[in-house]
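>>> Sequence first, predicted coordinates after that:
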Amino acid sequence: MRHLLLTHRPATFHFRPRLLHKIALAILIISPMVSSICSWNRAFSATLPSVPNIILILTDDQGYGDLGCHGNPHLKTPEIDRMYGESVRLTNFHVSPTCAPTRSALMTGRHEFRNGVTHTVAERERMTLSATTLPQVLKSAGYVTGIFGKWHLGDEDAYQPGRRGFDEVFIHGGGGIGQTFEGSCGDAPGNRYFDPMIRHNGTFVKTQGYCTDVFFNQAIDWIASVEAKRIDAKIPEAKQPFFCYITPNAPHEPLDCPAGSDTPYRGKVPPNVAKFYGMIANIDVNVGRLLAKLKELGIERDTLVIFMTDNGTATGSKVFNAGMRGAKGSPYEGGTRVPSFWRWPGTLPAGVDVPSLTCHWDVLPTLAEIAGAKLDDQVKQQQIEGRNLVPLLKDASAPWPDRYFITHVGRWEKGKAAASQYANASIRDARWALVFHGPGKHELFDLQHDSGQKTDISAKHPDEVAKLLVAYDAWWVKTLPMLVNENAVGPAVNPFKAAYWKQFGDDDPNRAKSKTNGGEN
């Protein structure tokens, strides 16, 4: 490790004997943390009164500042604001800078790179088949599972959610409705946000309406059917809970919103932001419909609802970004800090903020704890890096030792992984954030006094730079061999299109060679 540090030390800082001594001591202290960068002693759990249904809502490209409850001066989100008031809010919650990486970390409880997910296309969006997934864990505890919306962790059959633990699958392909890239990542041909073609348990069906409405409608109907079957079979709630993963494509580009939803914002913000806000306003309406349905079914107090987003804002940062620097695709706070609301009436407190450093790796171990699922020893030791959040959800002041959160934008050219160690990456703890822009190029920020990351103070705090660099280098060395998709070769025919053409009697492989369609992934 010392050799590694000396090899990659930044050009702007100089070693001294006293500093070397501190670094050696830091290595001894940090090593257990680095071996599992977000691991936590699970003895710190708290007994919960029952096993709930779980609904996880994950919107696409909506940032921390793209909500009324977070101070946005233009956007109106009354339903999500109401949920905010009824939830435990993790106010320092972080995800990956782009979508597929975040989704793989949620599904596995570990950093996305260790799932082989370093991009959103080019076969590097495929989540390694060796990982145990969140729905598989919950199924082991008796849950029935469903996904509605975006998957984006592999469109080839072996990678599809129906083979990764989901009983009910209602999804579009690729990273967005209508998007197609060469290789394995792409949607049904000619798909649009209105009346989209959706793959339902392996069969394409033509839907009616706006995509977000379609996904929420299907999820609500599925929840109602699961509850009806449970009642008809006289099965107690605790014996057959459900996990519902709602993942709308909105407000991802292209910015195509329901008619009139952008009207309140026209003339107040740029036209593209007005459409972006219109898409979010539609999400807000659907969140309200979902919560109303839970109340109607009499399961509101038996259901944990989580609302979060998959990366920083893609469109709204120039209007309002909650004082943060950066946006989607950035290693700064604005690229990774997102909303995280946990609502469970009667069990979790309402209107409580938790400022501790938390992240998406924590979701799987937390939901496993809540569900009473027993994680396999190998999964706990070799896969799970996140911490159990239950203590913080029940008590915002619960002990929470410091930790590291590492992010890397990835997206390098194929074959360039080893040379991209310091390209658009960052490592932070509760106070300090070190942002890399290449070998020997970095910035250090004191987040306690500079949450907007405006002033680089790396020259004033070389000891902090050294400590964070040691931890980051050790993480990279362990992670590099786990990038299993870097040399993957994609299929000649896009899998979603091939399945579509097979179903509808048109399997001409030449039609699979379309270029990118539908905006940045």
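Received the coordinates, thanks. Numbers count the residues shown, from 1 in each chain.
>>> make it CA atoms for all contacts and neighbour counts henceforth
Noted.
>>> Please enumerate the strands of the stretch 51-200 of the chain.
53-59, 88-90, 93-94, 144-149, 168-171, 197-200 (DSSP state E, counting those that start in this stretch).
>>> got a list of contacts for the shortest one?
Just to be clear, that refers to strand 93-94. Residues outside strand 93-94 that contact it (Cα atoms under 8 Å, 6 or more residues apart in numbering): 336-340, 357-360.
>>> what separates that strand from the chain centre, distance-wise?
On the basis of Cα atoms, centre = their mean, to the nearest Å, strand 93-94 sits 9 Å off its chain's mean C-alpha point.
>>> Likewise for stretch 76-83?
Counting by Cα atoms, centre = their mean, stretch 76-83 comes out at 21 Å from the chain centroid.
>>> which parts of it are buried?
Using 16 or more other Cα atoms under 10 Å as the test for burial, stretch 76-83 gives 76-81, 83.
>>> will you turn those residues into CSV that also has distance to residue 50?
Putting the buried residues of stretch 76-83 into CSV (distance: Cα to Cα, whole Å) gives the following:
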residue, distance to residue 50
76, 34
77, 31
78, 29
79, 26
80, 25
81, 26
83, 21
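>>> Just these: which are in helices?
78-81, 83 (DSSP state H).
>>> Do a quick rundown of the strands in the stretch 301-450 of the chain.
303-309, 340-343, 352-354, 358-359, 405-408, 425-428, 432-438, 441-446.
>>> average pLDDT for stretch 476-488?
Stretch 476-488 shows an average pLDDT of 96 in the prediction.
>>> Quick one: end-to-end length of it, please.
The first and last residues of stretch 476-488 sit 21 Å apart, counting by Cα to Cα, to the nearest Å.
>>> circling back to that earlier point, the strands of the stretch 301-450 of the chain: which one's closest to residue 195?
For residue 195, the closest of the strands of the stretch 301-450 of the chain is strand 303-309, at 24.0 Å, according to Cα to Cα.
>>> From residue 95, how far out is the closest residue to residue 129 other than its chain neighbours?
Using Cα to Cα, 6 or more residues apart in numbering and skipping residues adjacent in sequence, the residue nearest residue 129 is residue 159, 7.0 Å away. Between residue 159 and residue 95 the computed distance is 22 Å (Cα to Cα).
>>> I'd assumed residue 190 was in contact with residue 497.
No: between residue 497 and residue 190 there is no contact under Cα atoms under 8 Å: 10.0 Å.
>>> Compare those two and say which one has the larger neighbour count.
Per other Cα atoms under 10 Å, whichever of residue 497 and residue 190 has more neighbours is residue 497, with 25 against 13.
>>> Need the pLDDT of the more buried one.
At residue 497, pLDDT is 95.
>>> Please apply the same query to residue 48.
According to the model, residue 48 scores 64 on pLDDT.
>>> before we move on, what about residue 237?
Here, the pLDDT recorded for residue 237 equals 76.
>>> pretty sure it is touching residue 228, no?
No: with contact defined as Cα under 8 Å, residue 237 does not reach residue 228; the gap is 11.2 Å.
>>> Which residue is the nearest non-sequential neighbour of residue 281?
Excluding the flanking residues, the one nearest residue 281 by Cα to Cα, 6+ apart is residue 77, at 6.0 Å.
>>> And for residue 452?
Sequence neighbours aside, residue 324 is the residue nearest to residue 452 in space, at 4.8 Å (criterion: Cα to Cα, 6+ apart).
>>> related to what we said a few turns ago, what about residue 159 and residue 95, which has more around it?
Using other Cα under 10 Å, the more surrounded residue of residue 159 and residue 95 is residue 95, with 31 against 17.
>>> Identify the residues contacting the spatially closest residue to the more buried one that is not a sequence neighbour.
Leaving aside its chain neighbours, residue 95 sits nearest to residue 336 (5.0 Å; criterion: Cα to Cα, 6+ apart). Counting by Cα under 8 Å, 6+ apart, residue 336 touches 94-97, 311-312, 327-328, 330.
>>> Switch those residues over to a markdown table; also include pLDDT and distance to residue 374.
Shown next, in a markdown table, are these (pLDDT from 0 to 100; distance: Cα to Cα, whole Å):
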| residue | pLDDT | distance to residue 374 |
| --- | --- | --- |
| 94 | 98 | 26 |
| 95 | 98 | 25 |
| 96 | 98 | 27 |
| 97 | 98 | 31 |
| 311 | 98 | 30 |
| 312 | 98 | 33 |
| 327 | 98 | 37 |
| 328 | 98 | 35 |
| 330 | 97 | 36 |
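>>> Could you identify the buried members of the residues you listed?
The buried subset of those - by 16+ other Cα under 10 Å - is 94-97, 311-312, 327-328, 330.
>>> and which of the residues you listed is nearest residue 405?
Of the buried ones among the contacts of residue 336, the one sitting nearest to residue 405 (Cα to Cα) turns out to be residue 94, at 8.2 Å.
>>> okay, residue 237 and residue 228: which has more neighbours?
Set residue 237 next to residue 228 and count neighbours by other Cα under 10 Å: residue 237 wins out with 17 against 13.
>>> Next, the contact list for that one, please.
residue 230.
>>> give me that answer again for 6 Å
By Cα atoms under 6 Å, 6 or more residues apart in numbering, the contact set of residue 237 is empty.
>>> What's the end-to-end length of stretch 199-215?
End-to-end for stretch 199-215, by Cα to Cα: 12 Å.
>>> and what of stretch 366-384?
Using Cα to Cα, the end-to-end distance of stretch 366-384 comes to 11 Å.
>>> that older thread, now tabulate the contacts of residue 336 in TSV and tack on distance to residue 413.
Output for the contacts of residue 336, formatted as TSV (distance: Cα to Cα, whole Å):
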residue	distance to residue 413
94	25
95	23
96	19
97	17
311	21
312	23
327	22
328	19
330	17
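>>> For residue 141, state which of the residues you listed is nearest.
residue 95 (26.1 Å).
>>> Any figure for the gap between that closest one and residue 108?
13 Å.
>>> The closest residue to residue 397 other than its chain neighbours: neighbouring residues, count only.
Of all residues not flanking residue 397 in the chain, residue 354 sits nearest, at 7.9 Å (Cα to Cα, 6+ apart). Using other Cα under 10 Å, residue 354 has 18 other residues around it.
>>> from memory residue 354 sits against residue 88, does it?
No: using Cα atoms under 6 Å, residue 354 makes no contact with residue 88, being 7.2 Å away.
>>> mind checking which helix or strand of this protein has the lowest mean pLDDT?
In the chain, no helix or strand scores lower on mean pLDDT, DSSP states H and E than helix 2-7, which sits at a mean of 27.
>>> Would you reformat the ones in helices among the buried residues of stretch 76-83 as a markdown table and include distance to residue 453 and pLDDT?
A markdown table is the format used below for those (distance: Cα to Cα, whole Å; pLDDT from 0 to 100):
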| residue | distance to residue 453 | pLDDT |
| --- | --- | --- |
| 78 | 30 | 98 |
| 79 | 31 | 98 |
| 80 | 28 | 98 |
| 81 | 27 | 98 |
| 83 | 30 | 98 |
